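Chemist: Have a look at this prediction, sequence included:
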Amino acid sequence: MKSILLTGSYGQFGEACIKHLKSNFKLFISDVIVLDNGIQLDIADEKTVDQVLAETNPDIILNLGAMTDVDKCENDPSMARAINVDGVKNLCRGFGGHFIQISTDYVFDGIAGPYDELDETNPISVYGRTKLDADEWLRANHTRTTILRTNVLYSYTKLTQASFVKWVVDSLSQGKKINVVDDQWNNPTWTESLAPLIGKLINIKAFDLFHYGDADLMNRYDFALIIAKVFDLDTNLVSPISTADLNQTAPRPLRSGLKTEKIESALGIVPNSVETCLEKIRKQLVK
């Protein structure tokens, strides 16, 4: 049985990856802060990375470890680079196995999305730049690499504090009014859609760049309305605003999203609709 060192394990996508990979792989679960029997690992700490790699000797590294708070990255570009770029280099130094990097649509400027793997990158934020730099370094220096770009990951479990779906459902369930931007376009991606693809990519040794998002391209406001509809919540509590109204530190790509034809062909898959994914989440919650 092949082994996987999973970094950044205690987020919403890490939880889904553990669920879908634990039956077929030996998993070494790691994160900056550890729970249960996990391994403490800060990928920006070169010595700690070397020690963990020596102790685990994984066949595969699945790197979910990243600084993903876009505004914090903008305010602290040195830390963003230390984690998002140098952390990748630390993991790859001396590692010859299959490296899987989770990347982002923020490598694009969001002017003419959705994007495929051949479209020109042009990040407009520190976060996007550091993720692109890691992508480019991997493609130039680690041939046994799979880069999987995705966008607007969501779920609804105890580890999904950063999930848009959880925020919408929790807010509306409490009768709170929420403002949601109507000028940011993506194809939102359920963690349970993306996680099963990791094992498939490992099995076919897909050392390449892929994009994945679920089937529907929509703006964030319309996404919130679909969430409210599926969960039988009051859509009148949701109001549209523009991204400019939020006055955020880092710029956001507005017309983004990812085209998925390449990975559909490689894996023989068909992305789910957002409504289908949300219906499955609701059924899981009422069990």
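Modeler: All right, it came through fine. Residues are numbered from 1 along each chain as shown.
Chemist: Can you list phi and psi of Leu6 for me?
Modeler: phi -100, psi 120 (degrees, to the nearest 10).
Chemist: got it, and His211?
Modeler: Dihedral angles for His211 - degrees, to the nearest 10 - are phi -110, psi 140.
Chemist: how close does the most far-flung residue of the chain relative to its centre sit to Leu172?
Modeler: Going by C-alpha atoms, centre = their mean, the residue of the chain most distant from its centre is Asn236, 29.8 Å out. Going from Asn236 to Leu172 by C-beta to C-beta, to the nearest Å gives 10 Å. Where you see a C-beta, it was placed from the backbone N, CA and C, and this is true even at glycine.
Chemist: Which stretches in this protein count as strands?
Modeler: Taking DSSP state E, the strands of the chain run over residues 3-7, 26-31, 39-40, 60-63, 98-104, 145-150, 153-154, 178-181, 185-186, 189-190, 209-211, 218-219, 238-241.
Chemist: so what's the closest residue to Ser171 other than its chain neighbours scoring on pLDDT?
Modeler: Of all residues not flanking Ser171 in the chain, Ile178 sits nearest, at 4.9 Å (C-beta to C-beta, 6 or more residues apart in numbering). On the pLDDT scale, Ile178 is placed at 98.
Chemist: which residues does Ile178 contact?
Modeler: By C-beta atoms under 8 Å, 6 or more residues apart in numbering, the contact set of Ile178 is Trp167, Val168, Ser171, Leu172, Ala224, Leu237, Val238, Ser239.
Chemist: what do you get if the cut-off is 7 Å, keeping everything else the same?
Modeler: Val168, Ser171, Leu237, Val238 (C-beta atoms under 7 Å, 6 or more residues apart in numbering).
Chemist: Next one: it relative to Tyr156, how far apart?
Modeler: 16 Å.
Chemist: which phi and psi does Asp76 have?
Modeler: phi -140, psi 70.
Chemist: What about it, how many residues nearby?
Modeler: 15 (other C-beta atoms under 10 Å).
Chemist: Could you do Leu246 as well?
Modeler: 11.
Chemist: ok now do it, which residues does it touch?
Modeler: Val181.
Chemist: What sits closest to His211 if chain neighbours are left out?
Modeler: Using C-beta to C-beta, 6+ apart, the closest residue to His211 is Leu258 (3.9 Å).
Chemist: right, and that neighbour touches Asn187 too?
Modeler: Yes: if you go by C-beta atoms under 7 Å, Leu258 and Asn187 touch, sitting 6.3 Å apart.
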